[in-house]
Structure formats: structure tokens, C-alpha cells
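Engineer: have a look at this prediction, sequence included:
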Amino acid sequence: MKDTKIQWHPGFVAAMNLEFAENRNELIFEKEYNLNTKPLEIDLLVVKKDASVQITNEIGSFFKGHNIMEYKSPEDHLDIDAFYKAGAYASLYKSYGRTLDEIRADDITVSVIREAKPEGLFLYFKEHGYQVSNPHKGIYYIESNVLFSTQIIVTKELDKEEHIWLGALSAKLQKQDMQELVENIRKLTEKEDKELADSVLQVSIEANRQIVDEMMGDDRMCEALMEIMEPIVEKREKAMYREGKILGAVEAMRELGHNDYEISTMLIKKYGLSEEEMEKYL
């Protein structure tokens with residue numbers, strides 16, 4: 001399956017919420033944070049409610065007050081230009097404060113996350129005199145030539161047991177990896193955690209269908225998987241039903257002679273859609 005068909009980013013946002021579960025109530029998560037126009041969008045902005053809060057997760061131990069997180073899916077390139085783009089987003093974010101220097105540069109961090117280590121980028125760092133340290137498995141601090149404190153997270157190198165949620169965002173999972181993911185999801189007790197884990201599982205299943213098919217041959221794992229997937233299936237069915245109603249309403253209103261503006265105005269109000277969501281139905 002091609003990467004473009006897999007919605008990696010919602011899974012990433014859910015995974016980071018789970019990664020920071022111990023400190024979730026002390027953080028504000030802003031997914032797809034809009035900087036200005038639509039193309040200028042941060043994948044995930046994490047803001048500390050209290051600057052003194054210490055994040056227990058080693059990825060978050062790097063954090064300051066305002067933390068820009070850019071996620072690269074398995075098929076995305078991470079070269080020097082993409083690296084600088086993440087830094088540019090941080091610069092724009094800093095410049096859009098409501099007052100002069102409201103968000104200090106020394107209170108911002110940039111984290112770029114990718115499954116595989118971008119060897120070409122690290123070669124560029126070496127050739128151009130960047131200082132890079134590796135304080136934890138899979139975590140690299142870029143300590144020179146950057147405007148903001150910056151780290152690169154290589155999820156394939158992270159400790160599997162400590163970072164099962166980020167590790168699950170891969171198209172190269174082994175059967176044991178998927179089994180461990182399912183078992184970890186079954187252990188969750190909080191409703192919010194279960195919903196977030198469902199988002200991660202959905203991405204993992206779409207990216208590793210062959211592994212899931214193999215698991216269906218194991219009665220115990222099949223039962224566990226179906227138990228976890230049930231709410232995902234129900235949610236998808238509800239979404240399909242709602243989509244069908246909206247499409248039916250559009251067709252009926254067109255037959256009655258309403259133009260797109262009138263249809264859009266009425267259905268946005270009735271179904272609580274955004275203008276962007278409404279566009280796909282017209």
C-alpha cells in the first residue's frame with residue numbers, strides 16, 4: 001500500500017499523547033497548528049501549562065515552554081531543506097506572538113521525528129561542522145548552527161518497550177510487534193487512552209495488513225484483535241453513514257435547484273462541518 005493512502009499524522013498525534021501520558025494534564029496539544037495560511041501548518045505543537053513541569057518521557061525531557069514537533073512518515077524525505085523548514089516554522093511561530101518577544105527564542109524547541117535515520121542529513125551535519133550528540137537511544141541533539149534547541153527522533157532506534165506507540169507507526173512491523181501492541185492496548189483502562197490507542201492501531205493495521213492476516217489465524221490473537229477493533233469499526237460505520245446522509249442531502253438539494261453556496265450554508269449549519277470538510281461533498 002502506498003504511503004499516501006495511510007493517514008500517518010493522526011496516528012502520530014495519538015502516539016505522542018500516549019508517550020506523554022504521565023504529563024498529559026500539564027500539557028496543551030495543538031495538532032496541525034495553523035501559522036498563517038493553510039500550507040503553513042505545524043504537525044503538533046506541545047505547550048507546557050507550567051514552565052517548571054519536567055516531562056518524564058525522554059523525548060519530552062528536552063522540552064521547554066513551546067515545542068514544535070514535525071513528523072515525517074516512512075516515505076517522506078528528511079534532508080537539509082526539510083530540516084530547515086522545521087526551524088522556519090519555529091521562527092514564524094515565535095514571530096507571531098501578540099506582543100514583542102512574547103515567546104522567547106530560548107523557550108522554543110524543535111523536534112523532527114522519522115522512523116529511519118536520515119543518513120544523508122547526518123552526513124551533511126558532519127561535513128558542515130554541526131555538533132551532534134546522542135544522549136538516548138534514537139534521540140539526537142543538534143547542538144550548533146540552529147536558532148532553536150533541536151532534536152531528531154529516530155523511532156526505529158528507540159527502546160521498543162518504552163516507546164511502543166511511536167514504534168507502532170511503521171510499515172515494517174513483525175508479528176511479535178503487532179502482538180505486543182495489541183496486548184498493550186488491552187491493558188489500557190482510561191477511555192481517552194483507549195481512543196488514542198485506537199488511532200495508532202488503525203494506522204498500524206493499514207500499514208501492516210499481511211501481519212494482521214497472519215494474526216487472524218491465531219484464535220487467541222484474533223479474538224483480542226477483534227475486541228480492540230470493534231470500536232474502530234463502529235466509528236468508521238458511523239462516519240460512512242453520516243457521509244452517505246450528507247451526500248444524499250447534496251443530491252436532493254441540487255435537484256430542488258439550490259446552488260453550491262446555498263447547499264454549503266445549510267449543510268454546514270446542520271452537520272457542524274467546516275468549509276473545508278464541506279468542499280469534498282460538492
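Structural biologist: That came through fine. Predicted, not measured: the structure shown is a model, and the values here were computed from it.
Engineer: at which residues are the strands of the stretch 101-250 of the chain located?
Structural biologist: In order along the chain, the stretch 101-250 of the chain carries the following strands (DSSP state E, counting those that start in this stretch): 108-114, 132-136, 139-142, 149-154.
Engineer: now for these, which one comes closest to residue 200?
Structural biologist: Residue 200 lies closest to strand 108-114 among these, at 13.8 Å (CB to CB). Using the backbone N, CA and C atoms, a C-beta is placed for each residue, glycine as well.
Engineer: what mean pLDDT does the closest one have?
Structural biologist: Predicted confidence along strand 108-114 averages 97 (mean pLDDT).
Engineer: quick one, that strand and strand 149-154 angle?
Structural biologist: For strand 108-114 against strand 149-154, the angle by axes from the mean of the first three to the mean of the last three CA atoms, to 10 degrees is 20 degrees.
Engineer: partners of strand 108-114 in the sheet?
Structural biologist: strand 66-72 (parallel), strand 149-154 (parallel) (DSSP bridges).
Engineer: can you dump the C-alpha coordinates of it into CSV?
Structural biologist: As requested, the backbone C-alpha atoms of strand 108-114 are provided in CSV (Å, rounded to 0.1, in the frame of the first residue of the first chain):
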residue,chain,number,x,y,z
ILE,A,108,11.2,27.1,22.0
THR,A,109,12.3,23.6,20.9
VAL,A,110,12.1,21.8,17.6
SER,A,111,11.6,18.0,17.3
VAL,A,112,11.7,16.2,14.0
ILE,A,113,10.5,12.6,14.1
ARG,A,114,11.2,9.9,11.5
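Engineer: which SSE is immediately downstream of the helix or strand of the chain with the lowest mean pLDDT?
Structural biologist: The weakest-scoring helix or strand in the chain, judged by mean pLDDT, DSSP states H and E, is helix 219-255 (a mean of 73). Counting by DSSP states H and E, the next helix or strand C-terminal to helix 219-255 is helix 260-271.
Engineer: show me what that following helix is packed against.
Structural biologist: When contacts are defined as 3 or more CB pairs under 8 Å, 6 or more residues apart in numbering; DSSP states H and E, helix 260-271 packs onto helix 219-255, helix 275-279.
Engineer: can you tell me what sits against the last one?
Structural biologist: The contact list for helix 275-279 (CB atoms under 8 Å, 6 or more residues apart in numbering) reads 264, 267-268.
Engineer: got the domain boundaries for the chain?
Structural biologist: According to the domain assignment given by automatic domain parsing, the chain is divided into the following structural domains: 3-215, 221-279.
Engineer: distance from the chain centre to the last one, please.
Structural biologist: In other words, domain 221-279. Put simply, domain 221-279 sits 23 Å off its chain's centre (CA atoms, centre = their mean, to the nearest Å).
Engineer: and the first one, by the same measure?
Structural biologist: When distances are taken as CA atoms, centre = their mean, domain 3-215 is centred 7 Å away from the chain's centroid.
Engineer: mind putting the contacts of helix 275-279 into TSV with distance to residue 153, neighbour count and pLDDT?
Structural biologist: Written out in TSV, the entries for these read as follows (distance: CB to CB, whole Å; neighbours: other CB atoms under 10 Å; pLDDT from 0 to 100):
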residue	distance to residue 153	neighbour count	pLDDT
264	41	19	85
267	41	20	82
268	38	14	84
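Engineer: reformat these as JSON lines; add distance to residue 27.
Structural biologist: Written out in JSON lines, the entries for the contacts of helix 275-279 read as follows (distance: CB to CB, whole Å):
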{"residue": "264", "distance to residue 27": "36"}
{"residue": "267", "distance to residue 27": "35"}
{"residue": "268", "distance to residue 27": "32"}
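Engineer: return the most buried member of the domains of the chain.
Structural biologist: The highest mean neighbour count among these, using mean count of other CB atoms under 10 Å, belongs to domain 3-215: a mean of 17.
Engineer: any regions of the chain where pLDDT drops low?
Structural biologist: For the chain, the stretches with pLDDT under 70 are 1-5, 36-40, 218-222, 224, 227-239.
Engineer: pull the CA atoms of stretch 160-172 into PDB?
Structural biologist: What follows is the C-alpha trace of stretch 160-172 in PDB, where atoms were taken according to Å, rounded to 0.1, in the frame of the first residue of the first chain:
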ATOM      1  CA  LYS A 160      10.700  -0.700  21.900                       C
ATOM      2  CA  GLU A 161       9.200  -1.300  25.300                       C
ATOM      3  CA  GLU A 162       9.500   2.400  26.400                       C
ATOM      4  CA  HIS A 163       8.100   3.800  23.100                       C
ATOM      5  CA  ILE A 164       5.700   1.200  21.800                       C
ATOM      6  CA  TRP A 165       3.300   3.800  20.500                       C
ATOM      7  CA  LEU A 166       5.800   5.700  18.200                       C
ATOM      8  CA  GLY A 167       7.300   2.300  17.200                       C
ATOM      9  CA  ALA A 168       3.900   1.200  16.000                       C
ATOM     10  CA  LEU A 169       4.000   3.800  13.300                       C
ATOM     11  CA  SER A 170       5.800   1.600  10.800                       C
ATOM     12  CA  ALA A 171       5.000  -0.400   7.700                       C
ATOM     13  CA  LYS A 172       7.700  -2.900   8.800                       C
END
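Engineer: thank you kindly, that will do.
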